[in-house]
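Asker: Give me coordinates for this.
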Amino acid sequence: MKERIKSLLTREPSSEIITAEGWVRTKRDSKNVCFLEINDGSCLKGLQAVIDKASFNNNNLLDSISTGAAVSVKGTIVESLGGNQKVELAVTSLVLVGPCPNDYPLQKKRHTVEFLREQAYLRPRTNLFGAVTRVRNTMAYAVHQFFQENGFVYVNTPLITASDCEGAGEQFQVTTLDLQNVPKKEDGSVDYSKDFFGKIANLTVSGQLEGETYAMAMKNIYTFGPTFRAEESNTSRHLAEFWMIEPEMAFCDLEGDMDCAESFLKYIFKAVLEKNSEDMAFFEQFVLKGLTETLESVVSTPFEHMTYTEAIKHLEKHNEKFEFPVEWGSDIASEHERYLTEVIAKRPVIVTDYPKEIKSFYMKQNDDGKTVRGMDILAPRLGEIIGGSERESDYDKLKARMDELKMDDTNYWWYMNLRRYGTAPHSGFGLGFERAVRYVTGVENIRDVIPYPRAVGYCEY
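Answerer: This is a model prediction of the structure:
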């Protein structure tokens, strides 16, 4: 493997001929010397390549190189005479791998994120999106590290499913039917027996239900893959396609679930602080002041615990501050989540025991018959970052809850049978990966922390 620029920048000056490859960020030309800043995405800073025109003797080639061009240069690492870098590359040979015309959209100036969203195929070359990409990479690797180090088994759950985990119906339908000539039954309804799967099929909103089946065999498992929600929310916090991390643990109650979730968050945040200090300094300077301090506090501070009922009592005392006042039974909105974490607790908060009416059908009910063993982790500045629960492991209670919600259990027979064949208490949680990346980087819009955002009315590239 060829050495990356991040590594070359740490080298000491020597006579060894090395090769650097990447894209030209900037070009400065004078009568005798040409300076190229070359970046290959391995770090924020580029390598300065210095070309002595007298010895290089190919000014036509130099004239053809512009910002955005792909180049390969050879030379020796020398001490830099400039103040912006410790070392630079004294070029002995240069190859223009891919020329770049003058209409290259990314010039040496600060572009708005809105403009860069329109150039999503080029935006990883900018400082902001390069840093986001590296942090996202570190976090993804840390996800696998955490679970693998703790004995979890990685499971790939299906992207196409006949069941709806959340029961909200916000799913993208998958079909091969001719939409110009849809087959109909005698009663006029769509004849899905003619479709590819012979029934209604959708893109998954969650791998949880299928993950539970593997937890009942492997004990501790996790999924990490794309999920899809046809939610018509055109906001800075919603995507139609995003990645979810969902562990499921057998023989585990809500307390164990909360412990795992807290440890997991701290692990991936700590990985970024340790491995992406340069990128975090960039975010601190250009995106959000105090970002690093906030993450360090989350990593080092125990999370606050309170029940939903306790949280509502805290919030009701300050209802005049909210756009949407709260009462017992109402959902906790983003403004309430932030108030709990930033004003009342001044740290992350785990809220438990929500009313069953505002939570999913699969959550285990408490003995009071009104609340469920669910939990949300709320983070300062963001609000909810993780949602989880102890799952209902009793067949009769699960069936009664589904009947109460008037759910069609036709496509859930296997999920219910799981409670008949060697059932065990089990728990799990879900983390929207992009939401976590947004929190770590301070980037405001979730569309800017995923390579190619998909949202209502927006599906470019």
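Asker: Got the phi and psi for Val132?
Answerer: phi -60, psi -40 (degrees, to the nearest 10).
Asker: Could you pull up the residues touching it?
Answerer: Residues near Val132 by C-beta atoms under 8 Å, 6 or more residues apart in numbering: 437, 441, 443, 448-449. From N, CA and C alone the C-beta is placed, and that goes for glycine too.
Asker: got JSON lines for those residues, with distance to Cys43, secondary structure and pLDDT too?
Answerer: Converted to JSON lines, those look like this (distance: C-beta to C-beta, whole Å; DSSP: H, G, I helix; E, B strand; the rest coil; pLDDT from 0 to 100):
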{"residue": "Val437", "distance to Cys43": "18", "secondary structure": "helix", "pLDDT": "98"}
{"residue": "Thr441", "distance to Cys43": "16", "secondary structure": "helix", "pLDDT": "98"}
{"residue": "Val443", "distance to Cys43": "19", "secondary structure": "coil", "pLDDT": "97"}
{"residue": "Asp448", "distance to Cys43": "20", "secondary structure": "helix", "pLDDT": "97"}
{"residue": "Val449", "distance to Cys43": "19", "secondary structure": "coil", "pLDDT": "97"}
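Asker: and the residue of the chain most remote from its centre, how far is that from Lys31?
Answerer: Ranked by distance from the centre of the chain (C-alpha atoms, centre = their mean), the top residue is Ala54, with 49.7 Å. Between Ala54 and Lys31 the computed distance is 10 Å (C-beta to C-beta, to the nearest Å).
Asker: farthest-separated two in the contacts of Val132?
Answerer: Farthest pair in the contacts of Val132 (C-beta to C-beta) is Val437 and Asp448. Separation: 9.5 Å.
Asker: before we move on, back to that, for the residue farthest from the centre of the chain, which non-adjacent residue is spatially closest?
Answerer: Leaving aside its chain neighbours, Ala54 sits nearest to Asn32 (6.5 Å; criterion: C-beta to C-beta, 6 or more residues apart in numbering).
Asker: surely the one you found meets Asp52?
Answerer: Yes: shown here, Asn32 and Asp52 form a contact pair, counting by C-beta atoms under 8 Å, at 7.1 Å.
Asker: about what we covered before: could you check the pLDDT of the residue nearest to Ala54?
Answerer: Asn32 carries a pLDDT value of 90.
Asker: Now do the nearest residue to Thr423 once chain neighbours are set aside, the pLDDT please.
Answerer: Nearest residue to Thr423, sequence neighbours excluded (C-beta to C-beta, 6+ apart): Ser393, at 4.8 Å. Model confidence at Ser393, given as pLDDT, is 96.
Asker: Straight-line length of stretch 25-42, end to end?
Answerer: This stretch, stretch 25-42, spans 14 Å end to end (C-alpha to C-alpha, to the nearest Å).
Asker: Contacts for that stretch, please.
Answerer: For stretch 25-42, contacts defined as C-beta under 8 Å, 6+ apart pick out 4-7, 20-24, 45-54, 56, 62, 65-67, 71, 73, 108, 124-125, 130, 133-134.
Asker: Provide a PyMOL selection command restricted to the buried entries of these.
Answerer: Selection command for PyMOL covering only the buried members of the contacts of stretch 25-42, criterion 16 or more other C-beta atoms under 10 Å:
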select buried, resi 4+5+6+20+21+22+23+24+45+46+47+48+49+50+51+56+62+65+67+71+73+125+130+133+134
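Asker: what bits of the protein have low per-residue confidence?
Answerer: Applying pLDDT under 70 to the chain flags the ranges 165-169.
Asker: Break down it into its helices, ranges please.
Answerer: Under the criterion DSSP state H, the chain carries helices at the ranges 5-8, 53-56, 59-63, 113-117, 127-149, 208-218, 254-275, 277-286, 291-300, 308-316, 334-339, 395-404, 413-417, 433-441.
Asker: Just name the most buried of those helices.
Answerer: helix 433-441 (a mean of 24; mean count of other C-beta atoms under 10 Å).
Asker: could you say what helices and strands that helix packs with?
Answerer: Secondary-structure packing of helix 433-441 (3 or more C-beta pairs under 8 Å, 6 or more residues apart in numbering; DSSP states H and E): helix 127-149, strand 241-250, helix 254-275, strand 383-390.
Asker: and with 10 Å instead?
Answerer: Packing partners of helix 433-441 (3 or more C-beta pairs under 10 Å, 6 or more residues apart in numbering; DSSP states H and E): helix 127-149, strand 220-228, strand 241-250, helix 254-275, helix 277-286, helix 291-300, strand 374-379, strand 383-390.
Asker: Let me see the contact set for the residue lying closest to Ser236 once chain neighbours are set aside.
Answerer: Closest residue to Ser236 apart from its sequence neighbours, by C-beta to C-beta, 6+ apart: Asn445 at 4.3 Å. By C-beta atoms under 10 Å, 6 or more residues apart in numbering, Asn445 lies in contact with 113-114, 117, 235-237, 438, 453.
Asker: returning to what we had before: can you tell me how far the residue nearest to Ala54 sits from Val73?
Answerer: Taking C-beta to C-beta as the measure, Asn32 and Val73 are separated by 18 Å.
Asker: All set, thanks.
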